[in-house]
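Novice: Okay, predicted coordinates and the sequence, questions at the end:
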Amino acid sequence: MTIHMHTLIYNSIVKISDVPVYTCQACSRYEPLPNIKRDLGGFIAELAEVRGRKKFSFAEKNEWANVLKETFASLTVSSMAELEMKVQTATQSRIDLLLDLYRLAGDVKDPGWMRETEQRLEQLTVHPVRNTN
């Protein structure tokens, strides 16, 4: 199985782009990465209340999807090991940035911003990229 960014169609009318999925090369079956399923389910639940808009990027709602999207967009790798290294580096950079934001939110005493940053950090914890051929 390989990882790529996929577009899902919800309710036959709503497009959700930038969803990281595993794809089976043999049968073309795909499945969202286990570590984003909960957030994806929550995002889909939110869509029931959205009116008008028909296109969404999951990368705007999930840090892990965002890191993968940005890494894949700037990627020219020759091996899975190199991909793993680039994703790990990008993830650590994002964690460092979010920790800086969390510290700043604490300095300005903004509990809402701190909670939001905590949630974004939680999305990045323990997300290995593995080639499961």
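Specialist: Good, I have the coordinates. Numbering: from 1, shown residues only.

Novice: Please identify the buried residues of stretch 3-23?
Specialist: The neighbour-count check on stretch 3-23 (16 or more other Cβ atoms under 10 Å) flags 3, 5-6, 8, 16-22 as buried. All C-beta spots, glycine's among them, are computed from the backbone N, C-alpha and C.

Novice: Which member of the residues you listed is positioned nearest Ala59?
Specialist: Comparing those against Ala59 with Cβ to Cβ picks out Asp18 as the nearest, at 3.8 Å.

Novice: Centre-most residue in this protein?
Specialist: With distances taken as Cα atoms, centre = their mean, Ala65 lies nearest the centre of the chain, 1.5 Å away.

Novice: Please identify which helix or strand holds Arg94.
Specialist: Assignment of secondary structure by DSSP states H and E places Arg94 within helix 80-107.

Novice: how distant is that helix from the center of its chain?
Specialist: Put simply, helix 80-107 sits 13 Å off its chain's centre (Cα atoms, centre = their mean, to the nearest Å).

Novice: which stretches of the protein form strands?
Specialist: Counting by DSSP state E, the segments of the chain that form strands are 2-10, 14-23, 30-32, 55-57.

Novice: For the ones you listed, give me CSV that also has distance to Gln119.
Specialist: CSV is the format used below for the strands of the chain (distance: least, Cβ to Cβ, whole Å):
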stretch, distance to Gln119
strand 2-10, 22
strand 14-23, 18
strand 30-32, 19
strand 55-57, 18
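
Novice: out of the ones you listed, which comes closest to Val87?
Specialist: Closest approach to Val87 among the strands of the chain is made by strand 2-10 (9.0 Å; Cβ to Cβ).

Novice: Report the mean confidence score over the closest one.
Specialist: On average, the pLDDT along strand 2-10 is 87.
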